[in-house]
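In: Got a predicted structure here, sequence first:
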Amino acid sequence: MNKLNEMVSIIIPVLNEGESIQQLYSEIKQNVAGFPRYEIVFVDDGSTDDSLEVIESLKLSDSNVKLIQFYKNYGKAEALSAGFNDCQGDYVITMDADLQDDPNEINALVNKLKEGWDVVSGWKKSRNDPLSKKFPSKIFNLITRLFTGIQIHDFNCGLKAYRSSVVKSIELYGGLHRYIPAIAKQKGFSVTEIVVNHRPRKHGETKYGGARYFHGFFDLLTILFMGKYFNRPLHFFGFIGLILTVAGLGINTWLTIGWFRGVWIGNRPILFLAVLLMVVGIQFFSIGLLGEMIVKSQREKEQKIQRVLTGSPQDEHCAD
């Protein structure tokens, strides 16, 4: 990479943060002055206040400011995805628009990337939020570390830095923005963290409620499944099916032994439970097999397209 031409992109999802944007812009400008090139990409996620007007005025006065506008609220993951697709920087910084993420950390994040890391996540070690937000966040981060194996403390921190190759290779939707480090790790990128300054909120109110942790659980399951079992669905569904089927068989075996000893089982609820477990277990096996067939079909289709694109000769069958 030519250091004389290296570029940093700052991506900022915005939802009703009109009071904060001007100050945030001024602080970012001070901290990107040392870069040969930079861009500030605001993604307006359907704001209903004056956020759009403030960004438009900044865009008119500074050609390095870009605006991506959503006409309704799609969520942070979609906003970041749009920014990732549009940005041109060698280094990409994401931060929230509420002034709690400190732009003074930009250079520290980029310097950490220059040490050879692909993703650098901020860690709000001294967090300026109420206990009602901090305690659930600690539990969420503990569970996420346990299941993903990534030893960072703050998956939810909006202040992160990436190499361009990372943001161009990941796809975000729903609530997957919380798990970008996990997605990047699954793709073979290196992940680390640094402690960053976290400031109290000055304007407006938080856009996230307690429901995000509930939704985050299902997003975590999505990440784990897509990462470990996407190309081998039978390993996932078959394992569940095996447990259920063995449990059903075990109960039925126990009931059958009792029947031979003269114990009547026709009206016992546990018999119906055992049958249900076996039926559901077989259904899980069936889902896994269908998944394997879909994966195999998709692979064959991709291989066929690849042969066409590369001009590889088709197999020729010689007649006797």
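Out: Nice, thanks for sending it over.

In: make it CA atoms for all contacts and neighbour counts henceforth
Out: Will do.

In: domain parsing for this structure?
Out: Following automatic domain parsing, one gets these domains for the chain: 7-228, 233-310.

In: Could you look over these and pick the most buried one?
Out: Of those, the one with the most neighbours on average (mean count of other Cα atoms under 10 Å) is domain 7-228, at a mean of 18.

In: Please enumerate residues in contact with stretch 179-191?
Out: Residues outside stretch 179-191 that contact it (Cα atoms under 8 Å, 6 or more residues apart in numbering) are 117-121, 148, 150, 155, 166, 170, 220, 223, 227.

In: again, only using 6 Å
Out: Residues from elsewhere that reach stretch 179-191 (Cα atoms under 6 Å, 6 or more residues apart in numbering): W117, D118, V119.

In: And stretch 70-86, by the same measure?
Out: Contacts of stretch 70-86 (Cα under 6 Å, 6+ apart): P13, V43, D44, D45, G46, V167, L172, Y173, G175, H177.

In: For it, the averaged confidence score.
Out: Throughout stretch 70-86, pLDDT has a mean value of 92.

In: Adjust the sequence numbering to begin at 38 for everything that follows.
Out: Got it, the first residue is 38 from now on, which makes the last one we talked about stretch 107-123.

In: any idea how far it is from the chain center?
Out: 13 Å (Cα atoms, centre = their mean, to the nearest Å).

In: before we move on, what about stretch 119-135?
Out: 15 Å.

In: distance between the ends of it?
Out: Stretch 119-135 stretches 19 Å from its first residue to its last (Cα to Cα, to the nearest Å).

In: quick revisit: looking at the contacts of stretch 216-228, which one is closest to Q67?
Out: Nearest to Q67 out of the contacts of stretch 216-228 is V156 (Cα to Cα; 23.3 Å).

In: and that closest one, bridged to which residues?
Out: Beta bridges link V156 to Y199, V228, judged by DSSP bridges.

In: That one contacts Y199, correct?
Out: Yes: the pair V156 / Y199 is scored as a contact, 4.7 Å apart, by Cα atoms under 6 Å.

In: re the thing from before, determine which two of the contacts of stretch 107-123 are furthest apart.
Out: Using Cα to Cα for every pair in those, the one that comes out farthest apart is G83 and V204, at 22.7 Å.

In: just checking, what packs against the lengthiest helix in the chain?
Out: Using DSSP state H, we find that the single longest helix of the chain is helix 306-347. Under the contact criterion of 3 or more Cα pairs under 6 Å, 6 or more residues apart in numbering; DSSP states H and E, helix 306-347 touches helix 270-297.

In: ok and the helix it packs on relative to helix 306-347, angle-wise?
Out: 160 degrees (axes from the mean of the first three to the mean of the last three Cα atoms, to 10 degrees).

In: and helix 270-297, what other elements does it pack with?
Out: helix 306-347.

In: Pull the distance from the helix it packs on to the chain's centre.
Out: So, by Cα atoms, centre = their mean, the centroid of helix 306-347 is 25 Å from its chain's centroid.

In: Rounded mean pLDDT for that helix, please.
Out: So the average pLDDT for helix 306-347 ends up being 81.
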